[in-house]
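Novice: Whatever this is, show me its structure:
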Amino acid sequence: MITQSLPTALPPDTRTRILDLAEGLLLERGFNAFSYQHLAKELGVKPAAIHYHYPSKDDLGTAIVARQLRRLRKWRDLPRVADLLPVAQFEALLAVYDTHLGHERRVCLFGALAADFRTLPAPMQAELRTFNRELTEWLAQVLAVGRATGTLRFVGSPAAKAAQVLTTLTGALQVARVHDETPFQVIVGQLRLELLA
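Specialist: Next up, the predicted model:
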C-alpha cells in the first residue's frame, strides 16, 4: 500500500516573520519601544535583513497598520460575520477583543498606537485613521440595523454609540493589562446589559 504524506504548511517567509514579530512587539510594548535590533536578535538575522524588506521603521509601522486594515476588511466581509444578525455581529466584535485579552492581555492596535500617535509617521497615522473610521462605520451600521429591528437599544446616533463602544473596549483592554481579566469582563457585561434589547 502506497501512502502519501500530507502536505505541510510552509513556514512564513522572512518578510511575514518580520511583520508578525513587529506587530507582536507593537501590541505588547508600543511602536516606540522596539527597534530593528530587537527584531534582528529575535529572528536571528542581521539588521540589514530587516532593512532589506522594510527600509525604515516608518515603512514597517505603516505595513503593520495596513495589514490590520486588510484583516478588518476581510473579517467584516466574511459570510460568518456579514451574514449574521446584528446581535451576533456585535458578539463577533466582542470576541475579537476577547481574543486580544487571551493573548497575554494585549491591547488592540488602536489602543497601542493612540498614545504615540503624534510621534508616528504621517502614512502610519493615515492608515490608523482609516482603520478606526472603517471599524466605527461598520459598527454604526450594525447598531443602526439592530435598533431598527428591535434587537439592539441605545439612545443617540449609531455613529456616536459605535465610537463610545469602541473606545470602551479599547479602554477595557488597557485596564485588564493593569489588573486582570475581571474588569474587562465587567465592562463587556455592562455593554451587553445596555445594548441588548
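Novice: give me the low-pLDDT residue ranges for this structure?
Specialist: 1-12, 104-105 (pLDDT under 70).
Novice: Going along the chain, name the helices of it.
Specialist: All helices of the chain, identified by DSSP state H, fall at 14-29, 36-43, 47-53, 57-77, 79-82, 86-102, 109-114, 122-148, 158-178, 181-195.
Novice: Mean neighbour count, those: which tops it?
Specialist: The highest mean neighbour count among these, using mean count of other C-beta atoms under 10 Å, belongs to helix 109-114: a mean of 22. Where C-beta positions appear, they are placed from N, C-alpha and C, glycine not excepted.
Novice: CA atoms only for that helix, dumped as CSV, please.
Specialist: C-alpha atoms of helix 109-114 as CSV (Å, rounded to 0.1, in the frame of the first residue of the first chain):
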residue,chain,number,x,y,z
LEU,A,109,-3.9,48.1,17.6
PHE,A,110,-5.7,51.4,18.2
GLY,A,111,-5.0,51.3,21.9
ALA,A,112,-1.4,50.5,21.3
LEU,A,113,-0.8,53.4,18.9
ALA,A,114,-3.1,56.2,20.2
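Novice: who's in contact with that helix?
Specialist: For helix 109-114, contacts defined as C-beta atoms under 8 Å, 6 or more residues apart in numbering pick out 26-27, 30-31, 64-65, 68, 106, 120, 124, 128, 131-132, 166, 170-171, 173-174.
Novice: What of stretch 29-40?
Specialist: Contacts for stretch 29-40 (C-beta under 8 Å, 6+ apart): 18, 21-22, 25-26, 46-47, 49-51, 57, 61, 112-113, 115-116, 119-120, 124.
Novice: Could you rerun that using 7 Å?
Specialist: Identification of contacts with stretch 29-40 by C-beta atoms under 7 Å, 6 or more residues apart in numbering yields 18, 21-22, 25, 46-47, 49-51, 57, 61, 112-113, 116, 119-120.
Novice: Likewise for stretch 173-185?
Specialist: With C-beta under 7 Å, 6+ apart, stretch 173-185 has contacts from 97, 100-101, 105, 107-108, 111, 172.
Novice: With distance to Thr151 added, can I get the residues you listed in TSV?
Specialist: Output for the contacts of stretch 173-185, formatted as TSV (distance: C-beta to C-beta, whole Å):
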residue	distance to Thr151
Tyr97	20
His100	26
Leu101	25
Arg105	31
Val107	30
Cys108	25
Gly111	28
Ala172	23
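Novice: For Arg118, give its distance to Pro79.
Specialist: 39 Å (C-beta to C-beta, to the nearest Å).
Novice: nearest spatial neighbour of Ala66, skipping sequence neighbours?
Specialist: Of all residues not flanking Ala66 in the chain, Glu127 sits nearest, at 5.3 Å (C-beta to C-beta, 6 or more residues apart in numbering).
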